[in-house]
Structures are given as C-alpha cells and as structure tokens.
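Student: output the structure for:
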Amino acid sequence: MAKEGKPAKRIAVIGLGPAGAITIDALAKEQAFDIIRVFERREAPGGCWLGEGKPPPLIQSDELKLLSSRTADLQLPTIPSNLPAQLPKSSSPRYSESTVYPYLETNVDFVPMQYTQEPFPTEQSEHSRSLHGEDTPFRHWSLVQDYVRSLVDRRGYGDFISYNTTVERAEKVPAASGFGEEWKLTLRKDGENTDYWWEERFDAVIVASGHYSVPYIPSIDGLPEFSRDRPGSVIHSKHFRGRDAFKGKKVVVVGASVSAGDTAFDLTSVAQAPVYAVVKGHTFNGYFGDEAFNHPLIKRVTSISHIEPTTRTVHFVDGTSAPGVDDIIFGTGYSWTLPFFTPQSSTSSTTAKHTPVPTPRNNRIPNLYLHTIYTPDPTIFFVGAVNAGLTFKIFEYQAVLAARLLAGRVPSSRLPSTEAQLAWEVDRIAKRGDGPKFALVFPDFEEYFEELRRIAGPPTADGKGRELLPFNKFWFERFMQGHERRKDMWRRLNAQARETLGVRGSDGSLRPKL
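Tutor: Down below sits the predicted model:
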C-alpha cells in the first residue's frame with residue numbers, strides 16, 4: 001500500500017459484482033487516483049446476481065476430476081506474448097455463467113444486504129409475499145442486480161469499466177519509469193468470433209471477483225461414467241434453473257447447506273418421491289439448520305459410497321441405495337480460484353526476492369489481514385474474501401479501507417506491523433481452523449466492522465472519501481430475524497405437507513393419513 005503522502009495513482013479492480021461496484025465508489029470518492037480501471041468478464045454489473053437467458057453449460061464427465069481437485073480454473077496454457085493481438089476464441093471454461101434461476105429470492109433480509117448509504121429497493125415479488133407475508137424482507141434476484149447496476153450507472157462510473165473482459169494474467173514487472181515495479185495485467189476481451197488481447201499497467205490491484213464461480217463437486221466412484229452415459233444428469237446448484245426440468249424424475253441432492261436445502265425442498269413439488277438428500281452425518285448451515293430437509297417427501301441419506309452407472313444406482317455408505325436415479329444435483333459449494341496471479345510475482349531482476357502472490361489454500365486466501373490487506377505485498381487488496389454474513393456492508397468497509405490506504409491517507413500508527421498482521425492470522429487459525437471457517441466473520445461483526453473503520457479513519461476535512469458509519473446492532477438483528485423468517489416458512493410448509501400427504505410410520509415410510 002502507499003505510504004502516507006505517497007498514494008498509488010493507477011488502480012485496477014477485478015470484478016464488478018457487489019464488491020467491485022462499491023470498490024469503484026470508494027476509490028472515486030477519495031479523489032486521489034489518476035486511473036481507476038475495472039475489468040468485468042460479464043456483460044454488465046451484478047456478479048453472481050446477474051441473470052442470463054441462455055442455458056447453463058453441461059458439466060462434462062472429464063471435467064469432474066478437475067472440479068473435485070479444485071484445479072478446474074487454471075491460467076490459460078497459452079497466453080500471447082506479442083500484444084495487442086486478435087486470436088481465435090478461447091475454448092477453456094472460465095465459469096462466468098449466471099447462478100440465478102427465474103424465481104430465486106434473496107435468503108437474507110434486505111436491510112443487512114444494502115450498503116449503508118444506498119437504500120435497497122422496496123419492491124416485493126408476489127412469490128415472496130405468498131411465502132413470507134406482506135412484510136416480506138426478501139427480494140427477487142433481479143432487484144439485487146438492478147441495485148448493483150444503479151450504483152455504477154447513477155454515479156457515472158461507466159467509463160472506468162471494460163466489460164466482457166477477463167484478467168488472464170497479473171504479474172509484477174519492472175516499472176516503465178525505471179524505478180521499482182508495477183503490475184502488468186494481460187487482458188482478454190470476448191468477441192463474437194475472436195478474442196482481443198492487450199495489456200495495461202497499474203500501481204495496485206484490488207481483487208473483487210468473489211469466490212462463487214467455480215463449482216466444487218466431490219470425487220465419487222462411478223460419477224464420471226454416470227455423467228458420460230447421461231449428459232446433463234450431473235448438475236451443480238449453480239446451474240439449477242428451476243424445478244420444471246425435474247418433473248417426475250428421481251433425484252439425489254448432495255449437500256447440507258443453503259443451496260442444497262433450497263433445491264431439495266423445491267423439488268418436492270415436482271420430482272418423483274422421495275427426493276434423496278445426502279445430509280446424514282454432515283454439518284448443516286449454521287444460520288438455517290436442517291428445517292428445509294424436514295419435508296415429508298425428502299428422504300435423508302448418508303454420503304454416497306459409489307454409483308453403478310449401468311443401472312443408475314446410487315449406493316450410500318450405510319449400505320442402502322437408490323436405483324434408477326435420473327439426476328444428481330450437487331449443492332456442495334465453490335472453489336476459491338485466482339488463475340490470473342502467476343507464481344512468480346516479481347521479475348525485476350534475477351537476484352530480487354520474489355514476493356509470493358495470493359494462492360488459495362484449503363479454500364481460503366492465506367496472508368490476508370482482516371480478510372482485506374495482503375500482508376506480503378502492499379499493492380494487493382481483496383474486497384469480498386469473506387463468507388456469509390452482512391456481506392454487502394462488509395464489502396463497503398473493506399473497499400473504503402483499501403481506498404484510504406492506497407490514497408496514502410492512513411497514518412502508519414493506525415496500521416499494525418507486518419509481524420502483528422501475521423500473528424492475527426496465526427491466532428485466527430488456532431480459533432477457527434485453516435479452512436473456510438477462517439473467513440467467517442460471524443459472530444464478531446461489531447468488532448470486525450469497527451476495526452476496519454478505525455484503521456480507515458474518516459474522510460478528509462474537505463470531504464474526500466466515503467464515510468464509514470459506526471456499526472449498528474440493528475443490522476445484525478435484522479440479519480438473524482431474516483433467518484428465523486426462513487425457518488418459520490419451512491416449518492409451516494412442512495407441517496402443511498404432512499397434513500396433506502399423511503404421516504410417516506416408524507420405518508420412516510409415508511403412509512396415508514387416516
């Protein structure tokens with residue numbers, strides 16, 4: 001990061017979802033930068049909330065090994081060295097497709113979702129009102145997309161953005177000025193028939209591309225063959241486009257968290273009964289619990305041991321099985337990927353000490369102080385490297401902190417030393433583990449927000465910079481109340497289903513109500 005009084009001048013932002021949009025605003029309001037450039041691989045703002053009309057890609061059988069080993073999204077094997085260049089379109093998947101389906105609603109109350117200075121739309125869908133009442137706090141996905149887009153459009157940030165553009169490589173190179181180093185980004189813009197490649201140079205990079213792009217599907221014996229014999233029968237929840245495609249089908253849903261619960265519950269109205277849910281022995285989502293899986297037409301089963309593809313029989317580790325399965329849907333999360341960072345981030349000399357670039361480990365990013373500041377290299381920041389909970393507001397506070405640091409407006413006395421930053425990570429690993437839970441801010445929201453706010457400090461005396469408000473406990477209260485509303489919905493609908501369909505016998509089978 002820039003030292004106080006010596007700000008960086010050229011900033012690159014990767015990604016234009018909710019994290020990237022608020023990052024542009026934070027940077028622009030500092031009024032300290034000559035160049036702000038944002039690279040978004042989709043055609044508009046929105047990130048994982050941006051819908052699309054075309055069907056999702058089919059997961060290929062030979063792709064499953066890469067998805068299970070978290071190696072599906074690597075740097076392209078061939079990147080042109082002579083730039084700019086016009087080349088045939090790349091066939092390598094970049095997993096940028098949408099994650100939404102037509103009737104998807106937020107699973108979080110709109111109050112904790114909105115940024116602190118930009119009110120969220122009040123419009124409610126009829127579907128949401130029918131499920132949660134006239135005061136439903138949930139919003140249709142299209143409103144989230146519009147909300148993110150409006151932040152960009154209303155404030156005239158369009159000129160900063162290059163759409164349909166993928167950052168294929170980010171590397172440190174000797175600065176053109178002859179002093180120090182700078183970032184060289186190799187960029188690829190999707191064209192109708194060809195890709196256009198070029199490069200741009202920057203002083204710092206902010207990664208705001210999120211971690212809900214590349215599906216994770218566990219390795220299961222027989223799954224590739226099952227997929228090969230029935231193309232399109234192995235699906236990740238990212239590619240779920242609604243219940244209608246599964247009418248009358250026998251379906252196994254794998255996963256015990258939010259997307260798996262939503263999907264299994266949704267399918268009870270159309271799929272062949274029961275819908276098998278692979279949840280036994282697994283940890284349920286800490287916010288929503290197992291309520292979604294309590295529907296009488298959902299059968300809880302243990303993990304899959306193997307699949308017999310010729311008979312389409314899914315075998316479970318407890319010895320039971322489900323024959324004649326049509327589709328297997330995985331709600332098993334995503335893999336953190338940063339394919340654009342090259343392993344050797346510095347090339348200024350053959351004797352230089354090379355700084356390590358951010359590299360995912362155990363599905364998190366090591367060396368990331370407060371989930372924002374990359375300790376080994378002060379020219380790299382992350383906005384959005386956290387797991388669920390008050391995320392839009394967290395993005396806002398992270399973005400302002402990054403912008404203030406890059407503008408050189410944070411006194412060194414407010415920022416812990418490198419040793420203290422590394423010690424923070426060691427302490428957090430001891431408490432949370434060296435995996436995804438490391439990046440879970442819950443339940444320490446107030447402490448986290450206030451530390452980001454303390455380091456960032458206020459705007460300048462003449463109003464430069466975005467102001468960070470003190471943490472408001474009301475945000476957390478509404479966050480938790482929203483989860484209870486969702487659980488109440490499942491309890492009510494599950495009770496109605498039991499009343500309508502009958503009761504379960506001691507063996508767990510459904511029998512008519514007398």
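
Student: quick one: buried residues of stretch 97-115?
Tutor: Within stretch 97-115, the residues scored as buried using 16 or more other Cβ atoms under 10 Å are 97-101, 104-115. Backbone N, C-alpha and C define where each C-beta goes, glycine included.

Student: now that stretch: average pLDDT?
Tutor: Across stretch 97-115, the average pLDDT comes to 95.

Student: what's the end-to-end length of that stretch?
Tutor: Taking Cα to Cα, to the nearest Å, stretch 97-115 runs 25 Å from one end to the other.

Student: distance of the most centrally placed residue in the chain from Phe341?
Tutor: Residue closest to the average C-alpha location in the chain (Cα atoms, centre = their mean): Tyr212, at 2.9 Å. Taking Cβ to Cβ, to the nearest Å as the measure, Tyr212 and Phe341 are separated by 19 Å.

Student: then Arg42?
Tutor: With distances taken as Cβ to Cβ, Arg42 is found 21 Å from Phe341.

Student: quick one: buried residues of whatever helix or strand Glu477 lives in?
Tutor: For Glu477, the element it lies in under DSSP states H and E is helix 473-501. Neighbour-count burial for helix 473-501, counted by 16+ other Cβ under 10 Å, picks out 475-476, 478-479, 482-483, 485-487, 489-490, 493-494, 497-498, 501.

Student: what's in contact with stretch 81-99?
Tutor: When contacts are defined by Cβ atoms under 8 Å, 6 or more residues apart in numbering, stretch 81-99 is touched by residues 41-42, 48, 50-52, 56-57, 63, 72-73, 76, 80, 166, 186, 188, 190-191, 193-199, 212-215, 238-239.

Student: and it, end to end?
Tutor: 34 Å.

Student: cool, stretch 110-126 as well?
Tutor: 16 Å.

Student: from memory Glu425 sits against Ile365, does it?
Tutor: No - between Glu425 and Ile365 no contact is recorded; they are 10.4 Å apart, counting by Cβ atoms under 8 Å.

Student: looking only at neighbour counts, state which of those two leads.
Tutor: More neighbours surround Ile365 than the other of Glu425 and Ile365, with 20 against 17 (other Cβ atoms under 10 Å).

Student: the helix holding Glu477 - contacts with which helices or strands?
Tutor: Helix 473-501 makes packing contacts with helix 110-113, helix 126-132, helix 445-456 when contacts are defined by 3 or more Cβ pairs under 8 Å, 6 or more residues apart in numbering; DSSP states H and E.

Student: what about Ser413, neighbour count?
Tutor: Considering only other Cβ under 10 Å, Ser413 is surrounded by 6 other residues.

Student: which of the buried residues of helix 473-501 lies closest to Phe395?
Tutor: Here the nearest of the buried residues of helix 473-501 to Phe395, counting by Cβ to Cβ, is Trp475; it sits at 13.5 Å.

Student: quick one: contacts for the nearest residue to that closest one once chain neighbours are set aside?
Tutor: Ranked by Cβ to Cβ, 6 or more residues apart in numbering and with sequence neighbours excluded, the top spatial neighbour of Trp475 is Pro112, at 4.9 Å. For Pro112, the contact set (Cβ under 8 Å, 6+ apart) comprises Leu390, Phe392, Lys393, Trp475, Phe476, Arg478, Phe479, Gly482.

Student: check Lys249 too.
Tutor: If a contact means Cβ under 8 Å, 6+ apart, then Lys249 has Ala271, Gln272, Asp326, Asp327 as its contacts.

Student: hmm, the second one is touching Lys250, no?
Tutor: Spelled out, that is Gln272. Yes - the pair formed by Gln272 and Lys250 meets the contact definition of Cβ under 8 Å, at 4.6 Å.

Student: wait, isn't Leu202 in contact with Lys9?
Tutor: Small correction: residue 202 is Phe, not Leu. No - shown here, Phe202 and Lys9 do not form a contact pair, counting by Cβ under 8 Å, at 9.0 Å.

Student: and the gap between Arg453 and Pro80?
Tutor: From Arg453 over to Pro80 the distance is 44 Å, taken as Cβ to Cβ.

Student: again with Phe246
Tutor: Counting by Cβ to Cβ, the gap between Phe246 and Pro80 amounts to 43 Å.

Student: the two - which one has more neighbours?
Tutor: Set Phe246 next to Pro80 and count neighbours by other Cβ under 10 Å: Phe246 wins out with 22 against 17.
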